[in-house]
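Undergrad: prediction below, plus the sequence it came from.
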Amino acid sequence: MVRVIGFLVGLVFAGVLLISLVVGVSNYFSNPPEELAAEALHQHPQHLRLSSDGPFGKFDKAQLQRGFQVYKEVCSACHSLSLVSFRDLHALGYEEPEIKAIADQWQVQVPSINPETGEASSRKAVPSDRFPSPYANEIAARAANNNALPPDLSLITKSREGGASYVHALLTGYRNQSPELLKEHPDAKTPPGLHYNPWFANLNIAMPPPLTAEGQVTFADGTKGTVDQMATDVAAFLVWTAEPKLESRHAAGLAVVVFLLIASILGYLAYRQIWYEAKRKVRVTGPLEPKNQAKSRSAKAKQGVAG
Amino acid sequence: MSFSWAKAYEPKHPFMRWMDERLPLPRLVYGAIGGGYPVPRNLNYWWNFGVLAGIFLTIQIVTGIVLAMWYFASADHAFTSVEHIMRDVNAGWLIRYAHMNGASFFFIVTYIHIFRGLFYGSYKAPRELVWMLGLVIYLLMMATAFMGYVLPWGQMSYWGAQVITGFFSAFPLVGEPIRVWLLGGYAPDQAALSRFFSLHYLLPFVIAAVVVLHIWALHIPGSGNPTGVDVKDERDTLPFHPFYTAKDGWFAAAFLGLYAIVTYYAPNYLGHPDNYIPANPLATPAHIVPEWYFWPFYAILRSFTVDFIFPAKLWGVLAMFLSILLLFFLPWLDKSPVRSGSYRPVFKRFFWLLVADVVILGYIGGAPISPARVAIGQIAAAYYFLHFLVILPLVSRFETPLPLPASITDSVLHGEKAEAAPAGQKPRHGSVATAAAE
């Protein structure tokens, strides 16, 4: 009974799937879907090599400091970094007085309450504060940016496909639309107020090109501030903001993997030892015992079967 | 427990005797996983995954309890509380990544364990209840994993909850009220998050309880084995401890090495980037996908695209529930008296086809929709149902199995292959068996 019902149910569901398949295929041929410009022109980033890559990867502190400088002088005008505190900059190699100075001189103040009057006010940041947002709230951010909301950058390299490579490709990926391109894909025409960037999923991004000229940021360590250098450094910095514990993770991982490797080798030897007697009986009487293999070969030779 | 030659527990220390007379807990452990449980001597490494599943359940409960000390089930603060764990709690990143990837590895070992059961006929008499309790565990795992994925309250958490609870609205009349009742509102919000957290904390302990039943039911007939032949006498078995504790031990260490590599070096590989964006009810992600372990079922759901008598969505939801429900009937769908797939030449081919089919369904379920992928998914989904409901019953009826070894010991001594020749035909490699038998 179970099998009869099962048989029928199976045929019904497979039948409905077959109908779906036939309808889908005939729709496809009678009404072929057109390729959208966003699919045809969308580019995928090339891998950006950073010192934090790979199982032994460590941050390049000089690069992170440069990246922080790019964030501070360029990105922070619009983008918040709400999950990172000034005190976290210690990991980039800054000393306590430097961190205090960075917090104190930050271009945006921290919202606070006037202790005398209870009215809303603001105060200078201290190392224990998170990076203050450039806008008071989402409405203010949208109002200042043509109704686009600049995303928080704390987790940007973990929340986008491609991570740091995507950030680097996007920052260096602004292009002019050639007439040939527009002829081929008229629907790709960038609307006013947006900017063409084939690394952005729908090709048109609200953010104006942020890194435009060499030397836009004068690096404190003397590194030449090319657009590619600035984009690479800020991408590296944003890997750190998204995954500040990366170095301890890599170090702990090595210890754990080596420990488990040794444990499994010792465990395997113990297993062989424990099973030795149980398997020995098999070896003595079984076909793989050399004595028995010799017998088997001679038996084959007698029968004229090639060994 | 299971066989007459199973050793009885004999307390060695006076304290243990004192204990045993009052609360025979040591006796229970000895009989369950100690020297008192005789196990077929010929188990291969596919039999290690049950113990591994137990290890991962333990990892999940331990890491989960620690995470719950810091996690805050609030629609406003859940996301930042997870990031607080990742950044400011001592070793919080480790506990959180271990829990996140522990869920994936729990499913990896469970899937291997289930397919082991499918190949070696572990669902057949007398182990039907072992199989069915295992499926109950699997269903509970799916519910727990789904609710756990909602907790960080990222974009995929939120929209996954929206889509999955939306399944219920496919049912006419009662569907929508059920959905609203489950969520505690018209869309996922604080009410849903709080109850998901509560249940996510509860269900693992229910799973642990069903695991006890699963093992209890297993220990009545004893473990199966790769030949599928019943244990005949003491020579066929070895005590669980020390033989299988040693085998499970080294293999668990090696497998945990794999888990450690993913957890420490690619912790977000199995996740989705969108879940690092805080939940936003106003912005729908371009591709909503569940976690990878649900992809085959998601592919089945999406394969129904035509309103035929019922709306396509209802067909999809019914098919998805049926795809798991039908596994409960497997002991009665497959009537072949031979348990092990090694001795079933036709079954074996279809088994590997099913494995490939589920992998294809998984790929289709995780990838963005395209006309070609939908068509492939429809064929693969149809095969899934035909395999269990049509092919398996027919194969079990018409297939001629290979001759079985006389006993487990016999197969260990002479190799499984030597016996696996069709009846009336000479063994392929001359007279290995005859030579050894001399």
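TA: That came in fine, so what should we check first? The structure displayed is predicted, hence computed values, not measured ones.
Undergrad: any idea how far B:Thr400 is from the spatially closest residue to B:Met156 that is not a sequence neighbour?
TA: Excluding the flanking residues, the one nearest B:Met156 by C-beta to C-beta, 6 or more residues apart in numbering or on different chains is B:Asn275, at 4.3 Å. The way it works is simple: take the backbone N, C-alpha and C, and place the C-beta from them, glycine included. Remark: distance between B:Asn275 and B:Thr400 (C-beta to C-beta, to the nearest Å) = 52 Å.
Undergrad: outside of whatever helix or strand A:Lys100 lives in, which residues touch it?
TA: Per DSSP states H and E, A:Lys100 falls inside helix A:96-104. Applying C-beta atoms under 8 Å, 6 or more residues apart in numbering or on different chains, the contact partners of helix A:96-104 are A:Lys72, A:Phe86, A:Arg87, A:Leu89, A:His90, A:Tyr94, A:Lys124, A:Ala125, A:Val126, A:Pro127, A:Asp129.
Undergrad: for the stretch 101-250 of chain A, what lies in contact range of chain B?
TA: Proximity of the stretch 101-250 of chain A to chain B (C-beta under 8 Å from any C-beta of the partner chain) is limited to residues A:151, A:154-155, A:158-161, A:163, A:201, A:242, A:244-245, A:248-250.
Undergrad: which PyMOL command selects the buried ones in these?
TA: Only the buried entries of these go into this PyMOL selection, using 16 or more other C-beta atoms under 10 Å in any protein chain shown:
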select buried, chain A and resi 151+154+155+158+159+160+163+242+244+245+249+250
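Undergrad: how many neighbours does residue 153 have?
TA: All of this is about chain A. 25 (other C-beta atoms under 10 Å in any protein chain shown).
Undergrad: could you do chain B instead?
TA: Neighbour number of B:Trp153 under other C-beta under 10 Å is 24.
Undergrad: point to the residue nearest the middle of chain B.
TA: Most central in chain B under C-alpha atoms, centre = their mean is B:Thr110, positioned 2.7 Å from the mean C-alpha point.
Undergrad: so that one versus B:Pro267, what's the distance?
TA: The gap separating B:Thr110 from B:Pro267 is 21 Å, by C-beta to C-beta.
Undergrad: for B:Ile108, same thing?
TA: Counting by C-beta to C-beta, the gap from B:Ile108 to B:Pro267 is 15 Å.
Undergrad: picking that back up, ramachandran angles for the residue nearest to B:Met156?
TA: Main-chain torsions, B:Asn275, degrees, to the nearest 10: phi -80, psi 0.
Undergrad: what residues does it make contact with?
TA: Applying C-beta under 8 Å, 6+ apart, the residues near B:Asn275 are A:Ser159, B:Tyr149, B:Pro152, B:Gly154, B:Gln155, B:Met156, B:Ser157.
Undergrad: nearest to B:Ile364 among these?
TA: B:Met156 (18.5 Å; C-beta to C-beta).
Undergrad: what about that closest one, distance to chain A?
TA: 10 Å (C-beta to the nearest C-beta, to the nearest Å).
Undergrad: where's that residue, which helix or strand?
TA: Here B:Met156, judged by DSSP H and E, is contained in helix B:155-166.
Undergrad: on the C-terminal side of that helix, identify the next helix or strand.
TA: helix B:175-183.
Undergrad: relative to helix B:155-166, how tilted is that following helix?
TA: Angle, helix B:175-183 to helix B:155-166, by axes from the mean of the first three to the mean of the last three C-alpha atoms, to 10 degrees: 130 degrees.
Undergrad: show me where the stretch 101-250 of chain A has its strands.
TA: All strands of the stretch 101-250 of chain A, identified by DSSP state E, counting those that start in this stretch, fall at A:110-113, A:120-123, A:195-196, A:204-205.
Undergrad: would you turn those strands into TSV with mean neighbour count and mean pLDDT?
TA: Formatted as TSV, the strands of the stretch 101-250 of chain A follow (neighbours: other C-beta atoms under 10 Å in any protein chain shown; pLDDT from 0 to 100):
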stretch	mean neighbour count	mean pLDDT
strand A:110-113	13	92
strand A:120-123	12	92
strand A:195-196	16	94
strand A:204-205	18	93
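Undergrad: dump those to JSON lines, plus distance to B:Ser340.
TA: Listed next are these as JSON lines, based on distance: least, C-beta to C-beta, whole Å:
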{"stretch": "strand A:110-113", "distance to B:Ser340": "69"}
{"stretch": "strand A:120-123", "distance to B:Ser340": "74"}
{"stretch": "strand A:195-196", "distance to B:Ser340": "62"}
{"stretch": "strand A:204-205", "distance to B:Ser340": "59"}
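Undergrad: and the helix holding B:Met156, how far out from the chain middle?
TA: Distance of helix B:155-166 from the chain centroid (C-alpha atoms, centre = their mean, to the nearest Å) equals 23 Å.
Undergrad: one more: stretch A:15-35?
TA: That offset, for stretch A:15-35, works out to 36 Å (C-alpha atoms, centre = their mean).
Undergrad: touching chain B at all, that stretch?
TA: Yes - shown here: stretch A:15-35 in contact with chain B (C-beta under 8 Å from any C-beta) through A:Val16, A:Leu17, A:Leu18, A:Ile19, A:Ser20, A:Leu21, A:Val23, A:Gly24, A:Val25, A:Tyr28, A:Pro33.
Undergrad: before we move on, back to that, list only buried entries from the contacts of helix A:96-104.
TA: Buried residues within the contacts of helix A:96-104, counting neighbours by 16+ other C-beta under 10 Å: A:Lys72, A:Phe86, A:Arg87, A:Leu89, A:Tyr94, A:Ala125, A:Pro127, A:Asp129.
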